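Novice: Have a look; sequence and predicted model below, questions after that.
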Amino acid sequence: MEITRISQTKKGRFALFSGEEFLFSLDPETFFTQRLAEGDDLAADELEQLRQKSDLRKAKDKALAFLAAREHAAGELYQKLCRDFDEHTAAAALARMDELGLLNDEAFARRAAAWLLGKNKSRSEILRWMDGRGIDRSLAGRVLEEVYAERQADAPEGFGPDGAAALRLVEKQYAAKLAAGKKENVLAALARRGFSAADARQAVARWQQEHPADEPGEL
């Protein structure tokens with residue numbers, strides 16, 4: 001296929017045309033290293049190799065941009081790359097990021113678990129968040145248990161980390177409702193956040209025990 005026209009795009013890439021048909025665009029490095037010029041006649045497989053090479057370079061650049069903005073889990077980064085590239089190109093770019101030491105799902109999961117627990121998220125919410133970012137479920141579960149074990153000393157006596165998170169939510173967001181006698185509404189809200197019935201009831205009972213003067217009907 002003859003390359004009849006080459007034009008530079010606003011983004012600095014080089015668009016290749018054959019007749020009036022746009023073929024694809026190349027990044028500058030691929031374009032100049034291949035020494036392409038108008039009038040070159042390339043076989044279909046040669047064109048495909050050029051496209052794949054340029055796409056991979058673009059995918060790597062995009063992966064680096066994502067990682068420069070914030071840390072990503074491998075699965076999350078792969079999902080984002082697949083929005084713009086085929087699975088093979090996305091996987092190759094991901095492998096390169098791993099080779100560069102820019103991906104560490106266990107460290108990412110550990111920091112995420114601690115951050116989300118600090119926001120009083122329930123176990124199910126945290127695991128769902130990690131699943132949405134492509135973190136292996138067994139890894140997510142193991143890391144979360146380790147973080148929970150580390151935080152157990154900070155929980156009130158008789159409470160697990162999930163129950164302690166529910167209690168903090170009650171104190172910060174639902175105290176007024178409890179004071180107004182809306183216990184069932186609070187329990188329903190905690191259930192929607194993924195807390196077990198046992199943890200939710202324990203948190204509500206502790207708040208009521210510590211704030212008897214806030215109960216309806218009290219002087």
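Specialist: On my side now, so go ahead.
Novice: What is the distance between the helix ranked longest in the chain and the centre of its chain?
Specialist: Identified as the longest helix of the chain according to DSSP state H is helix 44-69. Between the centre of helix 44-69 and the centre of its chain there are 22 Å (C-alpha atoms, centre = their mean, to the nearest Å).
Novice: quick one: average pLDDT of that helix?
Specialist: Confidence over helix 44-69 (mean pLDDT, whole number) is 91.
Novice: Per-residue pLDDT of the residue nearest the centre of the chain, please?
Specialist: Within the chain, the residue whose C-alpha comes closest to the C-alpha centroid is R133; the distance, by C-alpha atoms, centre = their mean, is 3.8 Å. With respect to pLDDT, R133 has a value of 91.
Novice: Now for the residue lying closest to D98 once chain neighbours are set aside, how many residues are close by?
Specialist: Leaving aside its sequence neighbours, D98 sits nearest to A74 (C-beta to C-beta, 6 or more residues apart in numbering; 7.0 Å). The way it works is simple: take the backbone N, C-alpha and C, and place the C-beta from them, glycine included. For A74, the neighbour count with other C-beta atoms under 10 Å is 20.
Novice: cool, and R13?
Specialist: R13: 18 neighbours (other C-beta under 10 Å).
Novice: can you check R137 too?
Specialist: 10.
Novice: right, and the residue nearest to the centre of the chain touches G75 too?
Specialist: Yes - counting by C-beta atoms under 8 Å, R133 does reach G75; the two are 6.4 Å apart.
Novice: just checking, what packs against the helix or strand encompassing Q208?
Specialist: Q208 belongs to helix 197-210 when assigned by DSSP states H and E. Judged by 3 or more C-beta pairs under 8 Å, 6 or more residues apart in numbering; DSSP states H and E, helix 197-210 is in contact with helix 161-169, helix 175-179, helix 183-192.
Novice: Tell me which residues of that helix come out buried.
Specialist: For helix 197-210, the neighbour count (16 or more other C-beta atoms under 10 Å) marks D199, A200, R201, Q202, A203, V204, R206, W207 as buried.
Novice: ok, back up a step: if I look at the residue nearest to D98, how far off is A93?
Specialist: Plainly put, A74 is 11 Å away from A93 if you go by C-beta to C-beta, to the nearest Å.
Novice: ok, back up a step: in JSON lines, list the helices and strands packed on helix 197-210 along with mean neighbour count and mean pLDDT.
Specialist: Formatted as JSON lines, these follow (neighbours: other C-beta atoms under 10 Å; pLDDT from 0 to 100):
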{"stretch": "helix 161-169", "mean neighbour count": "24", "mean pLDDT": "91"}
{"stretch": "helix 175-179", "mean neighbour count": "15", "mean pLDDT": "92"}
{"stretch": "helix 183-192", "mean neighbour count": "16", "mean pLDDT": "95"}
